[in-house]
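S.K.: Sequence plus the predicted model coming up.
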Amino acid sequence: MGRSQPPRTVAGAHDWLVCDAACDALVDVDRALLAAADAPDSRVRDVAQYLIARGGKRIRPALLFVVAELGHAERRATTAAAVLVELIHVASLYHDDVIDRAPLRRSARSVNGRWGNAIATTSGTFLMARALEIAASLGEDVNRLTASAVSRLCTGQLQEIESAFDAALTEETHLEIIDRKTATLFQLACRLAAHLAGLSDAHRGGVDRYATEVGLAFQLADDALDLVGEARRLGKRPAADMREGVYSLAILRCLASGAEACAGLRELLSRERLTDADLRDALRIVRGSGEVERALQTARRHATLAIEAAAALPAGPVASSLANLARLAVDRSS
């Protein structure tokens, strides 16, 4: 396999962007990502570049470029920062798929499904290390922000693992976990952009609030789609998280509701191993409880808070793009 060519991002992935400067900046990202994941050994390179070469939405790099337009930042620095954020994101996907034993990622074989857990885990760590190298090259503040985000991301992942199959997990703890696992990289993109662009404290606070709320909205909506979506659109098996003991907001609320119908869910989830028939029954109970729609309502509330944070920023393409992204978070099928 030869050196990978820059991939095409997902069609329509940037429809939310109405900031021309951010669109222009994104052109350089895929090539820079492949360069960052390069290695002298072709086998290492193939695995490290595997997901990058298949393209993606590049939401976090785009978010970084948008926020940077609120101030003045050097393109070289923002491109490097965008690459490091996306490398951490991709590395986390490699590790997530190993933990979840996921055979698919974006409707194709996952890295662990193709090369095995050991290679997938090590390749994810390689990408993380490359991201930290880039962070170090951008100065002490960027290095500190990045290291803090990686620590927070790993803490969230560890919390999720420790909470697996916990039917008594509280909603508060669940939201704390997804704040760390998902919102952290949205926050990092915004914080790096704010630092590199020299934003005021007021603008930094605004984009930080935005990042937290939009990150929560994305994850809550993803979790709801996992319960009601089709495998073809999701790019993975529906309810894959439930099978692995990762209970989303709708499941936790159903378990805590005390409703007679939900008692059956508790009994199913207490079994040592869920069969396909058990999983179908569990899905039927959760879908019938109304909690999936209520979880989506919670996602929409967080999206609304993100839109409000964007509205407090100067009117223009930046604020409009941020509001559009918050709407996209909860208005999609995959």
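M.R.: Cool, the structure landed. Residues are numbered from 1 along each chain as shown.

S.K.: contacts, neighbours, all on C-alpha from now
M.R.: Fine.

S.K.: Please report the distance of the residue lying closest to residue 91 once chain neighbours are set aside from residue 317.
M.R.: Using CA to CA, 6 or more residues apart in numbering and skipping residues adjacent in sequence, the residue nearest residue 91 is residue 124, 4.2 Å away. Going from residue 124 to residue 317 by CA to CA, to the nearest Å gives 35 Å.

S.K.: One more: residue 273?
M.R.: 50 Å.

S.K.: Quick one: distance of the lengthiest helix in the chain to the chain centre.
M.R.: Longest helix in the chain by number of residues (criterion: DSSP state H): helix 201-228. Centroid separation for helix 201-228 versus its chain: 10 Å, with CA atoms, centre = their mean, to the nearest Å.

S.K.: residue boundaries of the strands in this protein?
M.R.: Taking DSSP state E as the test, the strands found in the chain are 104-105, 108-109.

S.K.: returning to what we had before: looking at residue 273 and residue 317, which one has more neighbours?
M.R.: Comparing residue 273 with residue 317 by other CA atoms under 10 Å, the one with more neighbours is residue 317, at 18 against 12.

S.K.: Neighbours of the residue nearest to the more buried one when sequence neighbours are not counted, how many?
M.R.: Nearest non-adjacent residue to residue 317, counting by CA to CA, 6+ apart: residue 19, 4.9 Å away. Around residue 19 there are 19 other residues, counting by other CA under 10 Å.

S.K.: Wait, residue 19 touches residue 319, no?
M.R.: No - contact status for residue 19 versus residue 319: not in contact, 9.3 Å apart, counting by CA atoms under 8 Å.

S.K.: picking up where we left off before, buried ones in the longest helix of the chain, by neighbour count?
M.R.: Neighbour counts over helix 201-228 (16 or more other CA atoms under 10 Å) mark 203-228 as buried.

S.K.: One more: stretch 67-80?
M.R.: Buried residues in stretch 67-80 (16+ other CA under 10 Å): 67-70, 73, 77-80.

S.K.: Figure out the length between the terminal residues of that stretch.
M.R.: With CA to CA as the measure, stretch 67-80 spans 15 Å from end to end.

S.K.: what's the answer for stretch 136-145, then?
M.R.: 10 Å.

S.K.: where does the residue nearest to residue 317 fall, phi/psi-wise?
M.R.: phi -110, psi 100 (degrees, to the nearest 10).

S.K.: tell me the contacts of the residue nearest the centre of the chain?
M.R.: For the chain, the residue nearest the mean C-alpha position is residue 182 (4.9 Å; CA atoms, centre = their mean). Contacts for residue 182 were tallied using CA atoms under 8 Å, 6 or more residues apart in numbering; they are 153, 215-216, 219.
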